[in-house]
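> no sequence for this one, just the structure:
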């Protein structure tokens, strides 16, 4: 499914603009401009917001992740 667009950005980029409408201050304007810049960088690299979050999770967790957690792995038993 294609992402929803808002002025050629991902629709999640519009959330800081609503924050600016509710709390119009210079600090909020800076946050909105910074988040719009981050979304622009993500779009320039061909990433959506959700795929960027997955890439960030991969950066912290590493490439080698087991399919099962350690406490769910079965241990070999010898009933002899």
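All right, it came through fine. From a predicted model like this one, the values you see are computed outputs, not experimental measurements.
> how about the strands in the chain?
Secondary structure of the chain (DSSP state E): strands at 5-6, 9-10.
> what does the first one contact?
So the one you mean is strand 5-6. Defining contact as CB atoms under 8 Å, 6 or more residues apart in numbering, one finds that strand 5-6 is touched by 11, 13-14. Any C-beta I mention is one placed from the backbone N, CA and C, and that applies to glycine too.
> Reformat the residues you listed as TSV; add neighbour count and pLDDT.
Converted to TSV, the contacts of strand 5-6 look like this (neighbours: other CB atoms under 10 Å; pLDDT from 0 to 100):
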residue	neighbour count	pLDDT
11	12	78
13	21	79
14	16	82
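> so where's this protein shaky on pLDDT?
64-66, 68, 80 (pLDDT under 70).
> tell me, what residue is most central in it?
Central residue of the chain (CA atoms, centre = their mean): residue 53, 2.5 Å from the mean position.
> Single out the most deeply packed of the strands of the chain.
Sort the strands of the chain by mean neighbour count, taking mean count of other CB atoms under 10 Å, and strand 9-10 sits at the top with a mean of 18.
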